[in-house]
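**Student:** Give the three-dimensional model of this entry:
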Amino acid sequence: MNRGSFRKLVAAALVLMASLVMTAGGQDKQEAKKKGRLPAYYADIVTDAQRQQIYAVQEKYAKTLTALQDQIDTIEKQRDAEIEGVLDAQQKARLKAVKADAVARKAKAAAEKKAAEVKGSAKK
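**Tutor:** Residues are numbered from 1 along each chain as shown. Down below sits the predicted model:
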């Protein structure tokens, strides 16, 4: 399984857990219908009973997947710190400036997109 698929699976598991907590609020857990997110293309294929079974399987693995994702995140941070440790002070300063520039460009693009959406909805 590639990292992108793994992250999507973890995200789906987290959505499932959050929706279960919200759905079961005040209800007996046995009575609450499980909710989650079906894998791609399953929605029009499975029955309600199968849907609940799939949600149960997702719930069963959610805690393990979350723990593994936390481990991956920790290892990635260690790796990135070690990689940055290879750079000299001047390169670190340049990297910091490049990152800040990228963040600024992203924020500008998001603001322009939002302005265009507002302008577009005002014309309607």
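
**Student:** can we go C-alpha only for contacts and neighbour counts from here?
**Tutor:** Will do.

**Student:** and the next element down the chain from the helix or strand hosting Thr64?
**Tutor:** If you go by DSSP states H and E, Thr64 is part of helix 48-84. From helix 48-84 onward toward the C-terminus, using DSSP H and E, the following helix or strand is helix 89-123.

**Student:** Compute the distance between the residue nearest to Arg7 when sequence neighbours are not counted and Lys34, please.
**Tutor:** The shortest distance from Arg7 to any non-neighbouring residue, by Cα to Cα, 6 or more residues apart in numbering, is to Gln69 (7.6 Å). Here Gln69 is placed at a distance of 23 Å from Lys34 (Cα to Cα, to the nearest Å).

**Student:** Same question for Ala110.
**Tutor:** For Ala110, the distance to Lys34 equals 36 Å [Cα to Cα].

**Student:** what number of residues lie near Lys35?
**Tutor:** 22 (other Cα atoms under 10 Å).

**Student:** quick check: domain ranges of the protein?
**Tutor:** 1-86, 88-124 (automatic domain parsing).

**Student:** if we can go back for a sec, tell me, how many residues neighbour the residue nearest to Arg7?
**Tutor:** By the criterion of other Cα under 10 Å, Gln69 has 17 neighbours.

**Student:** Show me what the helix holding Thr64 packs onto, helices and strands only.
**Tutor:** helix 3-23 (3 or more Cα pairs under 8 Å, 6 or more residues apart in numbering; DSSP states H and E).

**Student:** out of the domains of the chain, deepest packed?
**Tutor:** With neighbours defined as mean count of other Cα atoms under 10 Å, the domains of the chain peak in mean count at domain 1-86, which reaches a mean of 14.

**Student:** and that domain, average pLDDT?
**Tutor:** Computed over domain 1-86, the mean pLDDT rounds to 82.

**Student:** go on, stretch 109-121?
**Tutor:** 90.

**Student:** Kindly export it (C-alpha atoms) in CSV.
**Tutor:** Only the C-alpha atoms of stretch 109-121 are listed here, as CSV (Å, rounded to 0.1, in the frame of the first residue of the first chain):
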residue,chain,number,x,y,z
ALA,A,109,-3.6,32.3,-4.5
ALA,A,110,-6.2,31.3,-1.9
ALA,A,111,-7.2,34.9,-1.3
GLU,A,112,-7.5,35.5,-5.1
LYS,A,113,-9.7,32.4,-5.4
LYS,A,114,-11.9,33.5,-2.6
ALA,A,115,-12.3,36.9,-4.1
ALA,A,116,-13.2,35.5,-7.5
GLU,A,117,-15.8,33.2,-5.9
VAL,A,118,-17.3,36.2,-4.0
LYS,A,119,-17.3,38.2,-7.2
GLY,A,120,-18.9,35.4,-9.1
SER,A,121,-21.6,34.8,-6.5
